[in-house]
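Novice: here's a sequence, model it:
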Amino acid sequence: MKNIKSIAVGLYLVIAALGIATNSAKATLLELDLNAPADNLITLDTLTGLEWLDVTATLGQSFNQAASSIFVTTQGFRHANQAEVLQLFQNFGATDINTANAGTPLFPGNFAPGVNFLNLLGCTGQCSSTTFAFNTGLFAGGTFPATGAFVAVNTDDSTAAFTLEQGAFGLDSNPGGLTGNFLVRETLLDLPEPGTLAILGLGLVGLGYSRLRKKA
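Specialist: Numbers count the residues shown, from 1 in each chain. Sure thing, here's the model as predicted:
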């Protein structure tokens, strides 16, 4: 019976590893704690290995203020660049990121997934509304040293399409009380590669089969 269980566990790990490899194009977003249990201040993108600090943690701070905060000076965060911000939304599945409230629906007729996604990063405006949910943040790059990125799920026409708008701000300017900063850091977790999981699973299968043959 133990040998059968060993083989079953190994097969399960192989299947899981193949599933991870197959779905590697779409990231899994995990909520993690930063300073205290259940503070949920970090969202881990498993595809890029980047940990995103909730934009609400730096709400109302200018680029320079966030850059000199404890998150950057002590906890290893930095401002994300524009490509990383776009990649985050694309990893989640946003194939239609627009500069206006138009385009192909991302979640047609289904507002909840978009709201949940934005809430992971810290919703900064109209968070309980059934019309909008959005977060805004400053990131590095652009015409000026800091650029304001506005990302929203627009449900005025029930399309639930992502919207991305940009505006340039100076390093010391505060664009408003609903704007935070997109801060990221490389994950401190040791994420296994799909190939590693597959090798581990195959090894367990081989071990179980070997024991079964010896017993026979």
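
Novice: walk me through the domains of the protein.
Specialist: Using automatic domain parsing, the domain parsing of the chain gives 1-28+187-216, 50-183.

Novice: which one of the ones you listed has the lowest average pLDDT?
Specialist: Lowest mean pLDDT of the domains of the chain: domain 1-28+187-216, a mean of 50.

Novice: can you show me the helices along the protein?
Specialist: 2-22, 63-67, 70-73, 82-92, 112-121, 194-215 (DSSP state H).

Novice: quick check: end-to-end length of stretch 41-51?
Specialist: In stretch 41-51, first residue to last residue: 10 Å (Cα to Cα, to the nearest Å).

Novice: number the chain from 107, please
Specialist: Let's use 107 as the start, then, which means that last one is stretch 147-157.

Novice: what does that stretch rub up against?
Specialist: Stretch 147-157 has contacts (Cβ atoms under 8 Å, 6 or more residues apart in numbering) with 130-141, 158-160, 163, 186, 190, 193-194, 197, 226-227, 290-295, 297. Where C-beta positions appear, they are placed from N, C-alpha and C, glycine not excepted.

Novice: may I see the buried residues of it?
Specialist: Neighbour counts over stretch 147-157 (16 or more other Cβ atoms under 10 Å) mark L147, I148, T149, L150, D151, T152, L153, T154, L156, E157 as buried.

Novice: now do stretch 229-244
Specialist: Neighbour-count burial for stretch 229-244 [16+ other Cβ under 10 Å]: C229, T230, G231, F238, A239, F240, N241, T242, G243, L244.

Novice: now distance to T179 too, for those residues, in CSV please.
Specialist: As requested, these are arranged in CSV below (distance: Cβ to Cβ, whole Å):
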residue, distance to T179
C229, 26
T230, 23
G231, 28
F238, 34
A239, 31
F240, 28
N241, 23
T242, 23
G243, 19
L244, 17
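
Novice: just the ones of the contacts of stretch 147-157 in strands?
Specialist: Secondary structure from DSSP state E places L135, L136, E137, L138, W158, L159, V290, R291, E292 of those in strands.

Novice: and the residues you listed, which of them are buried?
Specialist: The buried subset of those - by 16+ other Cβ under 10 Å - is L135, W158, L159, V290, R291.

Novice: of the residues you listed, which is the nearest to T180?
Specialist: The closest of those to T180 turns out to be R291 (Cβ to Cβ; 11.3 Å).

Novice: the closest one and F250, how far apart?
Specialist: 23 Å (Cβ to Cβ, to the nearest Å).

Novice: ditto for Q272
Specialist: Q272 is 11 Å from F250, by Cβ to Cβ.

Novice: then N225?
Specialist: Distance from N225 to F250, by Cβ to Cβ: 29 Å.

Novice: coming back round to it: just the buried residues of stretch 147-157: which are in strands?
Specialist: Counting by DSSP E, the buried residues of stretch 147-157 contribute I148, T149, L150, D151, L156, E157 to strands.

Novice: ok, F256 touching F275?
Specialist: No. Look at F256 against F275 with Cβ atoms under 8 Å: they stay out of range, at 11.8 Å.

Novice: got the contact list for A246?
Specialist: So A246 contacts R184, H185, A186, N187, Q188, A252, T253 (Cβ under 8 Å, 6+ apart).

Novice: so which of those residues is the closest to G282?
Specialist: Once Cβ to Cβ is applied, the member of these that ends up nearest G282 is A252, at 13.4 Å.
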